[in-house]
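Peer 1: generate a structure from the sequence data that follows.
(one chain, ligands or ions: 1)
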Amino acid sequence: MPEPGSTTTEPVIALRGATATLGARPVLRGIDLTVRRGEVAALLGANGSGKSTAVRSVIGQVPLTGGSIELFGTPLRRFRSWARIGYVPQRTTAAGGVPATIREVVSSGRLSRTKLGLLRKADRAAVDRAIDLVGLADRAKDSVNALSGGQHQRVLIARALAAEPELLIMDEPMAGVDLASQEILAATLREQVAAGTTVLLVLHELGPLEPLIDRAIVLRDGCVMHDGPPPKALGQHALPGHDHVHPHAASEPVRTGLLS
Ligand SMILES: Nc1ncnc2c1ncn2[C@@H]1O[C@H](COP(=O)(O)OP(=O)(O)OP(=O)(O)O)[C@@H](O)[C@H]1O
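Peer 2: Numbering: from 1, shown residues only. Predicted structure coming up:
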């Protein structure tokens, strides 16, 4: 949550000239990207344009070969406050073959906030709140092995929310999620954004999240080709198969997200 008196311009994520290579392939080729406190930024682009690699570099899973990353003003190599960040990876399941309940999986997301892994009353309340936010309160004791793909995704998002992160990074949170679940996730995100959470999302299309998004950053071949307000048409052009955007007309209203 924003500190009292903090400005909305404080960079939470700052990538400068970021380059990364996977195998022999240059995947990020000089990315500049700043996400400021309270912003909701969507990372768009065709398959293979480098979106997942960019967010994985932000959380330290992919090392940079050049350039720099700062999180909350601290160089990534010195950053230790991982409880401030909630990360929802791309297309994994919450189950992993392990018998666990929804509450147990979501509780694991709270451990970073605890001492010695002991969940106190406030921690249990945060876990319950996260489960409630994604609309699974009545299923909390159910095994995650019995959930649909969309429900898994909701559990993973609740797991990220349980730590009450200031920055939420989600890699295609709507992938494989039906429309009803998408609406629930959009409502969940709306609450987080209203509470001041900064959000970086990888998306293929804006869909139900469109009204929440302040900025769209479009990648192509590991480079930023658009960084600005998401024009309406971008929703279509972010669909698989579209790897280009049209410059938006000057007459288009600037979308400011939640408050517009
Ligand atoms: N482990 C790896 N080794 C080598 N190349 C990889 C590896 N992982 C990804 N790549 C390549 O890096 C490029 C960028 O991949 P990335 O997953 O970041 O793209 P993306 O924009 O997230 O794509 P998608 O929309 O399909 O999820 C792709 O060409 C991909 O084939």
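
Peer 1: where does the chain have low pLDDT?
Peer 2: Counting by pLDDT under 70, the chain contains low-confidence ranges at 1-8, 91-97, 231-260.

Peer 1: need the residues of it near the ligand, please.
Peer 2: Counting by Cβ under 6 Å from any ligand atom, the positions of the chain adjacent to the ligand are 22-23, 25, 27, 45, 47-53. C-beta here means a position set from N, CA and C on the backbone, and glycine is covered the same way.

Peer 1: just put the residues you listed in CSV and tack on neighbour count and secondary structure.
Peer 2: CSV is the format used below for the residues of the chain next to the ligand (neighbours: other Cβ atoms under 10 Å; DSSP: H, G, I helix; E, B strand; the rest coil):
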residue, neighbour count, secondary structure
L22, 12, strand
G23, 6, coil
R25, 9, strand
V27, 21, strand
G45, 28, strand
N47, 9, coil
G48, 15, coil
S49, 21, coil
G50, 27, coil
K51, 25, helix
S52, 19, helix
T53, 21, helix
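
Peer 1: could I get the residues you listed as TSV with distance to L219?
Peer 2: Supplementary listing: the residues of the chain next to the ligand in TSV, determined by distance: Cβ to Cβ, whole Å:
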residue	distance to L219
L22	14
G23	18
R25	15
V27	10
G45	4
N47	11
G48	10
S49	4
G50	5
K51	6
S52	10
T53	9
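
Peer 1: what's the most distant pair in these?
Peer 2: The most widely separated members of the residues of the chain next to the ligand are G23 and G45, with 19.6 Å between them, by Cβ to Cβ.

Peer 1: which one of the residues of the chain next to the ligand is nearest D138?
Peer 2: Using Cβ to Cβ, S52 is the member of those that lies nearest D138, at 32.8 Å.

Peer 1: these two touch, right, the closest one and D171?
Peer 2: Yes. Using Cβ atoms under 8 Å, S52 and D171 qualify as a contacting pair, with a distance of 5.6 Å.

Peer 1: list the residues that contact both of these two?
Peer 2: Common contacts of S52 and D171, defined by Cβ atoms under 8 Å, 6 or more residues apart in numbering, comprise 90, 202.

Peer 1: who's in contact with A163?
Peer 2: Contact analysis of A163 by Cβ under 8 Å, 6+ apart lists 83, 86, 109-110, 112-113, 126.

Peer 1: can you do 7 Å?
Peer 2: 83, 86, 109-110, 112-113 (Cβ atoms under 7 Å, 6 or more residues apart in numbering).

Peer 1: what packs against the helix ranked longest in the chain?
Peer 2: Longest helix in the chain by number of residues, with DSSP state H as the criterion: helix 179-194. Here helix 179-194 is seen to pack against helix 149-161, strand 198-202 when contacts are counted using 3 or more Cβ pairs under 7 Å, 6 or more residues apart in numbering; DSSP states H and E.

Peer 1: select, out of those, the one closest to D138.
Peer 2: Of all the helices and strands packed on helix 179-194, helix 149-161 sits nearest to D138, with 11.8 Å by Cβ to Cβ.

Peer 1: can you give the contact residues for the closest one?
Peer 2: With Cβ under 7 Å, 6+ apart as the test, helix 149-161 has contacts from 86-88, 93-95, 102, 105-106, 108-109, 130-131, 133-136, 144, 147, 168, 173, 176-178, 181, 184-185, 188.

Peer 1: pull out the buried residues from those residues.
Peer 2: Of the members of those, the ones counted as buried by neighbours, 16 or more other Cβ atoms under 10 Å, are 86-88, 94-95, 102, 105-106, 109, 130-131, 133-136, 144, 147, 168, 173, 177, 181, 184-185, 188.

Peer 1: in strands, which of those fall?
Peer 2: Per DSSP state E, strands hold the following members of the buried ones among the contacts of helix 149-161: 86-88, 168.

Peer 1: any chance of those in TSV, with distance to V155 too?
Peer 2: Rendered in TSV, the data for those read as follows (distance: Cβ to Cβ, whole Å):
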residue	distance to V155
G86	13
Y87	14
V88	10
L168	15
